[in-house]
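# could you look at this predicted model? Sequence included:
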Amino acid sequence: MKAVGIIAEYNPFHNGHSYHLQEAKRVTGADVAVVVMSGNFVQRGEPAILDKWERTKLALHHGADVVVELPVFDAVQPGHLFAQGAVRILAALGVQDLVFGSEHPDVDFMTLAKQAEEIQSEGKYTDRTQTYASAYAAELEEKTGFKLEDPNDILAFSYAKAVLNLDVEMTLHPIGRLQAAYHDQTIDEDQDIASASSIRLALHKGKWDKVEKVVPADTLKALQEKPNSLAFEKPFFELLRYRLLTDTVGQLGQVYQMAEGLEYRLAGVAAAKEAPQSYQSFIRAVKSKRYTFARMQRTMLYTLLNIKVDQMQAAMADSYIRLLGFTDEGQAYLSEVKRKARLPIISRVDQGLAKANLRLDYKAGMIWQLLANQSASQEGQDLARRPIHYIKEKE
């Protein structure tokens, strides 16, 4: 069986994602679509609106055949590490075609990545007035003539670099975005496809009529009825502030990505007499031109989860494939590849795994439940959960 790979967050799953799944199979002639999906937290450090299980159901209903989790140690990372973690999992599952959205689908991202190999590592950049990403993009443009600035192009470039770095056989297939740009904040009357950013904004404003036009009916139903993290900022900030006020600066300094004395700034702002009183205002108070807003959000999550540098490094060196769901076709594909898979496939989590390999994802799942105000009586995110076997309706 031939598989096509998709790397996604589905936050939330919308009509554009459904189109992407169908196109992925069409352009590659694949029998099954294998989706590597961020778990309960997304790349910029925020909780996914719906948990990983609800998003898995939606993906399977709309064309995915296998859904596996991108672990939190890969999912909540800058683009190059996010991409490398996801490509590693797809390659381990025998996937040799990757389809993704792009603002410039005619660009040969593999060639671009090869041209950029001479660009030096992060240590070269000493200009504190701009982020590393900005400095890198400027040098890339100078060397290649291509201005890397659109979000999906940046991810596409990261996928290409990951394929090169991991030395795997994988062909990239960019697909042009329809109707909406990545950062669009509005949904027009005539749109049936919108950006996830605009959908999230509409949800926060309670504009359900706007959302209804651009998401499948089952996504709308899940958003209205299932536990969600739309109101996460207040509980997140309360939990974060508690940690910043009770941990020592030395303890905070051991947190992953807590660089250049940032722990002193975080602790000082949190303890100030007129300290910021909200999640957004706190991040604005502690960030600098050197760090993007997303980088600071990720650091806040690492701090809340108390992820130490050594824990993150150990987790990234010991990756795995966490199976979340499959169709009958997906099950057949997994049967073909599981003996050759280059990473362990985990279909059920027990206490041993929760305390070892899946320690970080297990903590992330519990924090997601708190942020979504999910009842303790409801099923948890990891222990004893079995992959979803989705049976397609007969036509």
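That came through, no problem.
# every contact and neighbour count from this point should use C-alpha atoms.
OK.
# which parts of the stretch 251-395 of the chain are strands?
321-326, 345-346, 388-389 (DSSP state E, counting those that start in this stretch).
# elements contacting the second one?
Helices and strands touching strand 345-346, by 3 or more C-alpha pairs under 8 Å, 6 or more residues apart in numbering; DSSP states H and E, are strand 321-326.
# for the longest one, same thing?
Using 3+ C-alpha pairs under 8 Å, 6+ apart as the contact test, the elements touching strand 321-326 are helix 52-61, strand 66-70, strand 345-346, strand 388-389.
# so for A294, which of these sits nearest?
When the helices and strands packed on strand 321-326 are compared by C-alpha to C-alpha, strand 66-70 sits nearest A294, at 18.3 Å.
# that closest one - contacts with which helices or strands?
Using 3+ C-alpha pairs under 8 Å, 6+ apart, strand 66-70 is in contact with strand 32-38, helix 52-61, strand 321-326.
# again, only this time at 6 Å
Counting contacts by 3 or more C-alpha pairs under 6 Å, 6 or more residues apart in numbering; DSSP states H and E, strand 66-70 is packed against strand 32-38, strand 321-326.
# mean neighbour count, the ones you listed: which tops it?
Comparing the helices and strands packed on strand 66-70 by mean neighbour count (mean count of other C-alpha atoms under 10 Å), strand 32-38 comes out on top with a mean of 27.
# check the offset of that one from the chain's centre.
Relative to the centre of its chain, strand 32-38 is centred 12 Å away, using C-alpha atoms, centre = their mean, to the nearest Å.
# got it, and stretch 75-91?
On the basis of C-alpha atoms, centre = their mean, stretch 75-91 is displaced by 9 Å from the centre of the chain it belongs to.
# dump it to PDB, keeping only the CA atoms.
Below are the C-alpha coordinates for stretch 75-91, written out as PDB (Å, rounded to 0.1, in the frame of the first residue of the first chain):
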ATOM      1  CA  ALA A  75       5.300  19.700  18.800                       C
ATOM      2  CA  VAL A  76       6.100  22.700  21.000                       C
ATOM      3  CA  GLN A  77       9.300  23.700  19.300                       C
ATOM      4  CA  PRO A  78      10.500  26.200  16.700                       C
ATOM      5  CA  GLY A  79       9.800  25.200  13.100                       C
ATOM      6  CA  HIS A  80      13.000  23.200  12.300                       C
ATOM      7  CA  LEU A  81      12.600  20.900  15.400                       C
ATOM      8  CA  PHE A  82       8.900  20.600  14.900                       C
ATOM      9  CA  ALA A  83       9.500  19.500  11.300                       C
ATOM     10  CA  GLN A  84      12.300  17.200  12.100                       C
ATOM     11  CA  GLY A  85      10.300  15.300  14.800                       C
ATOM     12  CA  ALA A  86       7.300  14.900  12.400                       C
ATOM     13  CA  VAL A  87       9.400  13.800   9.400                       C
ATOM     14  CA  ARG A  88      11.200  11.300  11.600                       C
ATOM     15  CA  ILE A  89       7.900   9.700  12.600                       C
ATOM     16  CA  LEU A  90       6.600   9.600   9.000                       C
ATOM     17  CA  ALA A  91       9.800   8.100   7.700                       C
END
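# residues in contact with that stretch?
Residues outside stretch 75-91 that contact it (C-alpha atoms under 6 Å, 6 or more residues apart in numbering) are S38, V42, Q43, G45, D74, S158, Y159, A162.
# helices and strands around the lengthiest helix in the chain, which ones?
Scanning the chain for the helix with the most residues, using DSSP state H, yields helix 151-166. Packing partners of helix 151-166 (3+ C-alpha pairs under 6 Å, 6+ apart): helix 79-92, helix 109-115.
# how far off centre is the first one?
Right, helix 79-92. Distance of helix 79-92 from the chain centroid (C-alpha atoms, centre = their mean) equals 11 Å.
# between strand 321-326 and it, find me the angle.
Inter-element angle recorded for helix 79-92 and strand 321-326: 70 degrees (by axes from the mean of the first three to the mean of the last three C-alpha atoms, to 10 degrees).
# burial count for I49?
Here the number of neighbours of I49 (other C-alpha atoms under 10 Å) works out to 26.
# from memory it sits against A231, does it?
No. Shown here, I49 and A231 do not form a contact pair, counting by C-alpha atoms under 6 Å, at 9.2 Å.
# now render the contacts of stretch 75-91 as a markdown table, adding distance to K308.
Putting the contacts of stretch 75-91 into a markdown table (distance: C-alpha to C-alpha, whole Å) gives the following:
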| residue | distance to K308 |
| --- | --- |
| S38 | 21 |
| V42 | 19 |
| Q43 | 18 |
| G45 | 16 |
| D74 | 15 |
| S158 | 25 |
| Y159 | 27 |
| A162 | 25 |
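# please identify which pair of the residues you listed lies farthest apart.
G45 and A162 (21.3 Å).
# about what we covered before: least confident of the helices and strands packed on helix 151-166, on average?
The minimum mean pLDDT among the helices and strands packed on helix 151-166 belongs to helix 109-115 (a mean of 88).
# and that one, what other elements does it pack with?
Here helix 109-115 touches helix 151-166, going by 3+ C-alpha pairs under 6 Å, 6+ apart.
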